[in-house]
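Chemist: please find the sequence and the predicted model below.
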Amino acid sequence: MPTEQPDAGRAYRRYLSAVMLHGHASAKAVGLGATDLYALNILELAGPMTPGELGARTGLTTGPTTRLVDRLEAAGHVRRVPVPGDRRKVIVEPVGRPADLDRVLAPVRRRVGDIIGSYPPEQQAVLFDYFARAAEAYQEAADELRAGEDASA
């Protein structure tokens, strides 16, 4: 009797829901909103950028992006730096991390590290390849959705 295949779509949706739930819980644990923590992660991964670039990456419009940067700046996590040669432009750069963020994220980092470490090196390579390619696919899909919104506006 053949074994029933797991529902890949359902398993993946469950995984993404758990990641999002953890992100919200982590943000709350360090006194941030989920979007604020997401923005800090973007800045940490991609480096300093204009408020417009940060807004595009977070999916926020101009007003909410300004309020996001204001909150993060007031909390001491980012600063606005003038762009040399253009007094009208600023770059948002990270200057600190929420005090307890590493402590809050340590348990899940350890657990996921243990899971990945339980696979042989060749399977780990497949997992890391998947993560890199899936991240790119999600970014491209989000860019396409935003382009479609802009075209219909």
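Modeler: Yep, that arrived.

Chemist: look at the nearest residue to residue 105 once chain neighbours are set aside and give its secondary structure.
Modeler: Closest residue to residue 105 apart from its sequence neighbours, by C-beta to C-beta, 6 or more residues apart in numbering: residue 26 at 6.2 Å. Yep, even glycine has a C-beta here, placed from its N, CA and C like the rest. Put simply, residue 26 is helix when judged by DSSP: H, G, I helix; E, B strand; the rest coil.

Chemist: contacting residues for residue 26?
Modeler: Contact partners of residue 26, counting by C-beta atoms under 8 Å, 6 or more residues apart in numbering, are 37, 101, 104, 105.

Chemist: what pLDDT does it get?
Modeler: As predicted, residue 26 sits at a pLDDT of 95.

Chemist: rebuild the contacts of residue 26 as TSV, extending it with pLDDT.
Modeler: Shown next, in TSV, are these (pLDDT from 0 to 100):
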residue	pLDDT
37	95
101	90
104	94
105	94
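
Chemist: OK, contacts around the one residue sitting closest to the centre of the chain?
Modeler: Against the mean C-alpha coordinate of the chain, by C-alpha atoms, centre = their mean, the closest residue is residue 38 at 4.4 Å. Residue 38 is in contact with 23, 27, 58, counting by C-beta under 8 Å, 6+ apart.

Chemist: which other helices and strands contact the lengthiest strand in the chain?
Modeler: What stands out as the longest strand in the chain, according to DSSP state E, is strand 86-94. Judged by 3 or more C-beta pairs under 8 Å, 6 or more residues apart in numbering; DSSP states H and E, the packing partners of strand 86-94 are helix 34-46, helix 51-58, strand 78-83.

Chemist: report all helices and strands that the following helix or strand past it contacts.
Modeler: Downstream of strand 86-94, the next assigned helix or strand under DSSP states H and E is helix 101-117. Packing partners of helix 101-117 (3+ C-beta pairs under 8 Å, 6+ apart): helix 8-29, helix 121-152.
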